[in-house]
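S.K.: 3D model of this:
(2 chains)
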Amino acid sequence: MKRHHAVVRITHWVNVIALTIMVASGLRIFNAYPSFARRGETFCCYPFAGKPIPASLTFGGWLAGARNWHFAMMWVLAVNGFVYLAFIYLHGEWRDLVPRRGVVRDVVEMVKFYLTIRKDHPRQGKHNALQRMAYFSMPIVGIIAVVTGIAIWKPVELAPLTNLMGGYVWARYWHFWSMLLLVILTIGHVFMVFTVDPYSIPAMITGRYREDLSPEARNARPFVHLLPRNE
Amino acid sequence: MSEPSEIRDPRRGRGSHPAERMGIDRRRFLVASGGALGAMVLAACDSMGPRSATSLLKFAERKNETLERALFRHTAMDVPPAGARPAGSHFPSYFISDEVPVWDEAARGAWRLDIGGMVTKPLQLSLADLAALPRTGYKLDHFCVEGWTAVATRTGVRLSDIARLAGVQPGAKYVDFQSFDNDYHESWDIESAMHPQTLVVYAQDGHYLNAAWGAPARIYSPVKLGYKNTKYLTRISFLPARNGGYWSDRGYEWYGGV
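M.R.: Below you'll find the model as predicted:
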């Protein structure tokens, strides 16, 4: 029994590439006008107006290059995301991701465990409660990123959509925030993979996973019990 | 105006992975995969990305254009949010010449806007001729390719009205807007040019255009990004084929629709 179906594994890695390029090229586009205010106005809610993102985090070389990448890669991101969501819906994997009853309690228990307030790893299924919440919110934020992106791509042709988000300026702001949330979720995810469950990396490549090396079996928290228990 | 102010800015970036510190038997695997990913990121972040991707990006641009043209409606109109404040003097000025382009009447004679190409009746319109034509004004958003917007009231003549006067021939599928700002020009699809909010603008915020904003006349439509909207107009040509453009020839998408 594979831990992840091939469709999930492939869409995961396609997403790594697509999301990386979308974020980096998006930041390059943002740098052409690193503010949100309409000309002649001020904007309430962005304290870093006028300060560009460090160029080393951007991709595309220049504004046109970044735009060309962004408007090509958006199809890969959107289609890949759609394939993933359609697959987990039809194949049943969504059950491992949607919040269960008692999710708040489970999240609290996981946090207690990570803070060493609780000694033993809470019982879990495929994912712990924190993972569940992260993997559940990621597609939702992704959908918001796509929809806000469409809204600022076509603010005249699809004006009703843009107006729904409060107009172009706000749609651009929400687009920025959805990117930021995706980046934060991704950083958290990668950090936890490497510090808690590096054995899940092969599982996302070949699909094979040793349950006896799961974080629950190792009683693992970040940097603690990375090695198998009885070796 | 919203035209890009930068041509190239290649930058380097580096990515690293914390795979190095893993004291487990899969260490090698992790280091290798982390290294491979890091190398990928490095290669990708090197300026503009792999050269081989250019044709793929061009392909995506053509497909996007097809979709954008299918989405395009003459009934989709730009209406700035009610509370949006006009940019007024904060409206950016943009031109490619070294100095603000000013029509030199002594050297070039009185300014005229040529309407030509595939028309049955070529026109030469003075500013007074334009002002005498049916006047249309809108409070409009300006969408710059850089990401900013600005609101201004644009007053002028609908290009569709001028096209009717000139008798545009059925084979004309594209329109080119030529300026006296060096060789600046941009060509459009005719559907966008005939949008009711596509205007030959001679006044902004109730005053005749000043030199910084494209005097004596410019094309303006909210359905196109700023760089498509040629200022310092000299000639509008109806064409059977597209004719590129200043920024379109330098890597920005030709369609540039909003």
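S.K.: Shouldn't B:His142 be within a strand?
M.R.: Yes. Per DSSP: H, G, I helix; E, B strand; the rest coil, B:His142 lies within a strand segment.
S.K.: helices or strands up against the strand or helix carrying A:Leu77?
M.R.: Element membership of A:Leu77, judged by DSSP states H and E, is helix A:63-91. Contacting helix A:63-91 under the criterion 3 or more Cβ pairs under 8 Å, 6 or more residues apart in numbering or on different chains; DSSP states H and E are the following elements: helix A:6-31, helix A:129-153, helix B:54-71. Every C-beta, even on glycine, is put in place using the N, C-alpha and C of the backbone.
S.K.: Residue ranges in the chain under the pLDDT threshold?
M.R.: Let's take chain A. Low-confidence segments of chain A, defined by pLDDT under 70: A:230-231.
S.K.: The intended chain is chain B.
M.R.: Scanning chain B for pLDDT under 70 picks out B:1-47.
S.K.: List, one by one, the residues from the stretch 151-258 of chain B near chain A.
M.R.: Within reach of chain A by Cβ under 8 Å from any Cβ of the partner chain, the stretch 151-258 of chain B has these residues: B:151, B:222-223, B:247, B:250-253, B:257-258.
S.K.: Buried among these? Make that a ChimeraX selection.
M.R.: A single ChimeraX command selects the buried members of those (16 or more other Cβ atoms under 10 Å in any protein chain shown):
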select /B:151,222,223,247,251,252,253,257,258
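S.K.: Tabulate the residues of the stretch 151-258 of chain B next to chain A (CSV), appending secondary structure.
M.R.: Shown next, in CSV, are these (three-state DSSP):
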residue, secondary structure
B:Val151, strand
B:Pro222, coil
B:Val223, coil
B:Trp247, coil
B:Arg250, helix
B:Gly251, coil
B:Tyr252, coil
B:Glu253, coil
B:Gly257, strand
B:Val258, coil
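S.K.: Any chance of JSON lines for the helices and strands packed on helix A:63-91, columns mean neighbour count and distance to A:Ile184?
M.R.: As requested, the helices and strands packed on helix A:63-91 are arranged in JSON lines below (neighbours: other Cβ atoms under 10 Å in any protein chain shown; distance: least, Cβ to Cβ, whole Å):
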{"stretch": "helix A:6-31", "mean neighbour count": "20", "distance to A:Ile184": "11"}
{"stretch": "helix A:129-153", "mean neighbour count": "19", "distance to A:Ile184": "9"}
{"stretch": "helix B:54-71", "mean neighbour count": "14", "distance to A:Ile184": "28"}
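S.K.: A:Arg9 and A:Met204 touch, don't they?
M.R.: Yes. Using Cβ atoms under 8 Å, A:Arg9 is in contact with A:Met204, at 5.7 Å.
S.K.: re the thing from before, buried residues of the helix holding A:Leu77, list them for me.
M.R.: Within helix A:63-91, the residues that count as buried by 16+ other Cβ under 10 Å are A:63-74, A:76-78, A:80-81, A:84, A:87-88.
S.K.: Show me what the helix or strand following that helix is in contact with.
M.R.: Per DSSP H and E, the first helix or strand lying C-terminal to helix A:63-91 is helix A:103-114. With contacts defined as Cβ atoms under 8 Å, 6 or more residues apart in numbering or on different chains, helix A:103-114 is touched by A:100, A:118-122, A:124, A:128-130, A:132-133, A:221-222.
S.K.: Now do helix A:103-114 and helix A:129-153, the angle between them.
M.R.: 110 degrees (axes from the mean of the first three to the mean of the last three Cα atoms, to 10 degrees).
S.K.: what comes up buried for helix A:103-114?
M.R.: Buried residues in helix A:103-114, defined by neighbour count with 16+ other Cβ under 10 Å: A:106-107, A:109-110, A:113-114.
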